[in-house]
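>>> Here is the input, now give the coordinates:
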Amino acid sequence: MKTKHVIFTLRILVCLVLISGCKKEQEDLPEPILPQFSIGESYGGGIVFYVDGSGKHGLIVAENNQSSSVEWFNGTYIDTPAKGTVVGTGNENTVAITKVQGTGIYAASICENLELNGYSDWFLPSKDELNLLYLQKAAGLIGTFDNNFYWSSTENSYNGAWSQSFTSGANSSATKDGEYFVRAIRSF
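Residues are numbered from 1 along each chain as shown. The predicted structure is shown next:
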């Protein structure tokens with residue numbers, strides 16, 4: 001009986017040594033190398049126009065306009081919770097707009113329903129995301145845009161939303177029944 005106990009104890013010790021050796025080997029493995037992205041690079045169905053501090057995540061813009069003349073809303077002046085302005089709020093705004101406005105053809109729904117280059121997670125950029133697009137366009141890094149106004153997903157009142165001139169770069173409040181350009185973006 002004592003021999004069986006000793007053998008059992010030895011087996012447990014051998015297992016513990018093997019397990020600790022595996023942990024050591026796992027700890028010594030290098031971190032996986034993830035790609036670093038740069039502005040203007042073709043990736044993920046469009047062109048990278050923003051990269052966060054990690055270099056691994058950011059925003060992509062579609063190569064072409066999705067519309068050249070569409071209203072922000074679906075014909076009903078109503079407050080939506082689409083108030084996010086900062087980078088990272090465009091998708092949330094787009095979902096909020098389409099939830100309140102429902103079906104139809106308007107700026108946010110065009111982006112939300114877009115299937116392009118194998119991706120279907122496009123959205124209308126927030127005010128600051130749209131401004132980043134303008135700045136990258138002005139720097140000549142992301143291709144062409146029309147010299148016109150583009151819609152953002154950021155609402156500023158029950159009858160108004162933010163737009164941006166891609167001629168001068170000026171942000172302005174516009175009534176939701178204005179007909180402006182739309183360019184979809186997505187995150188990675």
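
>>> Now do the strands in this structure.
With DSSP state E as the definition, the chain shows strands at residue ranges 42-43, 46-51, 58-61, 67-70, 149-157, 160-165, 171-175, 180-182, 185-187.

>>> These: which one's closest to residue 89?
With C-beta to C-beta as the criterion, residue 89 lies closest to strand 149-157 of the strands of the chain, at 7.7 Å. Quick note: C-beta positions are derived from backbone N, CA and C, even for glycine.

>>> ends of stretch 55-64, how far apart?
This stretch, stretch 55-64, spans 25 Å end to end (C-alpha to C-alpha, to the nearest Å).

>>> likewise stretch 156-171?
Start-to-end span of stretch 156-171 (C-alpha to C-alpha) is 12 Å.

>>> buried ones in that stretch?
159, 160, 161, 162, 163, 164, 166, 171 (16 or more other C-beta atoms under 10 Å).

>>> show me where pLDDT drops low in this protein?
Applying pLDDT under 70 to the chain picks out residues 1-34.

>>> Domain boundaries for it, per the record?
1-30, 42-187 (automatic domain parsing).

>>> Save those as JSON lines, and put in distance to residue 36 too.
Putting these into JSON lines (distance: least, C-beta to C-beta, whole Å) gives the following:
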{"stretch": "domain 1-30", "distance to residue 36": "16"}
{"stretch": "domain 42-187", "distance to residue 36": "4"}
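
>>> Quick check: which of the ones you listed is buried the most?
Greatest average neighbour count among those goes to domain 42-187 (a mean of 19), per mean count of other C-beta atoms under 10 Å.

>>> how far does that domain stretch from start to finish?
13 Å.

>>> go on, stretch 176-188?
In stretch 176-188, first residue to last residue: 29 Å (C-alpha to C-alpha).

>>> List the contacts of residue 86.
Counting by C-beta atoms under 8 Å, 6 or more residues apart in numbering, residue 86 touches 126, 128.

>>> do residue 160 as well
173, 174, 175, 176.

>>> Correct me if wrong: the second one contacts residue 72.
In this case it means residue 174. Yes: contact criterion C-beta atoms under 8 Å: residue 174 and residue 72 qualify, at 7.5 Å.

>>> Sweet, I'm off.
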